[in-house]
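1. got a sequence here, can you model it:
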Amino acid sequence: MNANLKTILLTVLTLSILTIAIIELMGVSSTAFINPKSQDHVHVSYLDEVSQENNENELALTTVEFTTSHHDFGQIKEGEIAKHQFTFTNTGKHPLQIERVIPSCGCTVPHYPKEPIKPNEQGVIEFEFNSQNRVGQNHRDIRVVANTAEEHIILTFKAEVLPAE
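-> I've put the predicted structure just below:
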């Protein structure tokens, strides 16, 4: 490598390290390790507004009851897409809002209501299990996150996938 190029690269590296050190010591950055800049009133005010807005958007907690929380597909052939629906009832006094449904595997695709479910009304969480490349015993979870007292609700299913012929 050319001696001039080495000198230039070393100078750039040194200046970069020096700049980072100055920023750290001055506390200009709120992410500084040594002397972080405290949040000024503008940031705190903004954070307070966001926090207040989130609290206003939070729904009151409710309860939900699933007809069943487990399904057994039995034996299915590899490549088959098995479908099932978990039926539930909002047994609480407030609307039930399902925030998200998280499958434990990419082989499972859930479909769930986006609109709130009123008290005493029923809803359905449907899912599809793609058995391609899943030969053998399969035990999967589907995590439901909603405005319930429970942090999340776990639904499960199993299937024995037989090799395609």
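2. any idea which element Gln75 lies in?
-> Per DSSP states H and E, Gln75 falls inside strand 70-77.
3. may I see the buried residues of that strand?
-> His71, Phe73, Ile76 (16 or more other CB atoms under 10 Å). For the C-beta atoms, the positions are set from N, CA and C on the backbone; glycine is no exception.
4. for Arg100, which non-adjacent residue is closest in space?
-> In space, and not counting its chain neighbours, Arg100 is closest to Val145: 5.0 Å by CB to CB, 6 or more residues apart in numbering.
5. contacts for the host helix or strand of the one you found, please.
-> Assessed by DSSP H and E, Val145 sits inside strand 136-146. With contact meaning CB atoms under 8 Å, 6 or more residues apart in numbering, strand 136-146 is reached by 64, 86, 96-105, 107-108, 110, 112, 125, 127, 129, 131, 151-161.
6. go again using 7 Å as the cut-off
-> Contacts to strand 136-146, defined as CB atoms under 7 Å, 6 or more residues apart in numbering, come from residues 64, 96-105, 108, 110, 125, 127, 129, 152-161.
7. which ones are touching Phe66?
-> By CB under 7 Å, 6+ apart, the neighbours of Phe66 are Phe86, Phe88, Leu155.
8. among the residues you listed, which lie within strands?
-> Using DSSP state E, the subset of the contacts of Phe66 located in strands is Phe86, Phe88, Leu155.
9. top of the residues you listed by neighbour count?
-> In terms of neighbours by other CB atoms under 10 Å, the ones in strands among the contacts of Phe66 top out with Phe88 at 26 neighbours.
10. thanks a lot, catch you later.
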